[in-house]
Structures are given as C-alpha cells and as structure tokens.
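> please find the sequence and the predicted model below.
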Amino acid sequence: MERLEKYLVEYCAPTLASLKTANLFSCPESMTPALGEILDDWNTCLRNKGIKLCLLKKKGNALVYVYRTGRLKHDLSAPAALWILKRYGYGTTEEEGAIDRLRARLMEGGEFPHEIGLFLGYPPQDVEGFIRYGGRCSKCTGCWKVYGNEDRARRIFASFERCKKAYARLWQEGESIMRLAVEVPKEKDMRIYV
C-alpha cells in the first residue's frame, strides 16, 4: 500500500491537486497479484474526491490510470476529441465504455494508441499534431509534445512541476494522500487551473 502511495505522489500529484485530468504509472509485475484489491481500497477512499484508479494493462508491468471523473467526461466530449476518438473506433465517450476501448487498444499490440493523450487531459490539437506528425515538428516538449498554444502549455508544465515538488515534500513530511487529494466541486472540476 505504501509503495502505491509513493507512485501516486510521484506520478499523479497534478491529478490529486486537480490541475490535470489524469496520470498513468507503471507498477512492477510483483505488485500485480494484489493490485486489484489495493486499487479497490483506494477507490473507496478517493471516491468522494472525484478520483478513480483503474488498471489499463496487466501483462508484464501493470499500467494504472488515475483520473478525475468530471474532467475526463468534459475532455472526451470536446468536439475535437470526439473526432479523434471516432477515428479509432470509440463508439462512446462515456467513462467506462471509453476506458474499455482504450484497454482494448493497448492490448491489440499494434501501434501505441496515441489518443491516450485525450484521456490524460492533453489538448486535442496537440494529440492530433502528435498523431499527424509522428511526434516530430512540435513547438516544445514538456509533459506532452505541443503543436498548439505553446505559451499556455509552458505555464501548465511549470504548474505541474511546482505541484510535484510541493506534494513530494508534503508527503515526505507525513501528509496523507487523502489530505493531498483536493476535493473540487463538480462544476469546477472541468477547468484547468494555471
């Protein structure tokens, strides 16, 4: 349980702080047998904060997806996101159905599903640019490759870095994940704070 806490702080601080829609992290295969039960426990704890954890991939290292439910719904319903998702066979943008399709795309074994950026809160313009140019020709790179608004992206990247440092320090000083996970009213959970 403590190891998962470390991963949550290290890789998901912007999501816990409600600065970002979602984050992903990989867990060693040795954690996989107990991971389902551990994620269930965390979901029970974080449900009231609007945060969910789910397993996207089990083979080899497990891939854990941590997301804010309200923001994910908002992000996936944007017209530009809908257009991208439809191209990759997403019949729905409802939370469970979309995540199930993403899981299937990860397991197909072909090209990596770059639309995953939409599930992480990346701007659709940047996700589309990455897909179109194969990761080349970006304006800048931070948490993602930027093809759209570079100034805005740099401000967001800086806010994520400040958050990660602050959360790491607070957790090392004994602050709990429950206290670090910000509870946000649903109507405000859809905006990015920069």
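That came through fine. This is a predicted model, so every value here is computed, not measured.

> buried residues, stretch 144-163. List them.
By neighbour count on 16 or more other C-beta atoms under 10 Å, the buried set for stretch 144-163 is W144, K145, V146, Y147, G148, A153, I156, F157, S159, F160, C163. (Glycine included, C-beta is placed from N, CA and C.)

> looking at those residues, which are in strands?
When strands are assigned by DSSP state E, the members of the buried residues of stretch 144-163 inside them are K145, V146.

> how far away is R169 from V66?
As judged by C-beta to C-beta, to the nearest Å, R169 and V66 stand 20 Å apart.

> these two: which is more packed in?
Of the pair R169 and V66, V66 is the one with more neighbours under other C-beta atoms under 10 Å, namely 23 against 11.

> now the more buried one, what's its secondary structure?
Recorded secondary structure, V66: strand (DSSP: H, G, I helix; E, B strand; the rest coil).

> may I have the residues that are in contact with the nearest residue to it once chain neighbours are set aside?
Once flanking residues are discounted, V66 sits nearest to C12: 4.6 Å by C-beta to C-beta, 6 or more residues apart in numbering. Residues near C12 by C-beta atoms under 8 Å, 6 or more residues apart in numbering: N23, F25, V66.

> isn't V66 up against V9?
No: V66 is beyond contact range of V9, at 11.2 Å (criterion: C-beta atoms under 8 Å).

> ok, L120 touching F25?
No: at 11.6 Å, L120 does not count as touching F25 under the criterion of C-beta under 8 Å.

> okay, now N61: neighbour count?
15.

> against A181, how distant is the closest residue to A78 other than its chain neighbours?
The shortest distance from A78 to any non-neighbouring residue, by C-beta to C-beta, 6+ apart, is to P124 (6.0 Å). Computed as C-beta to C-beta, the P124 to A181 distance reads 27 Å.
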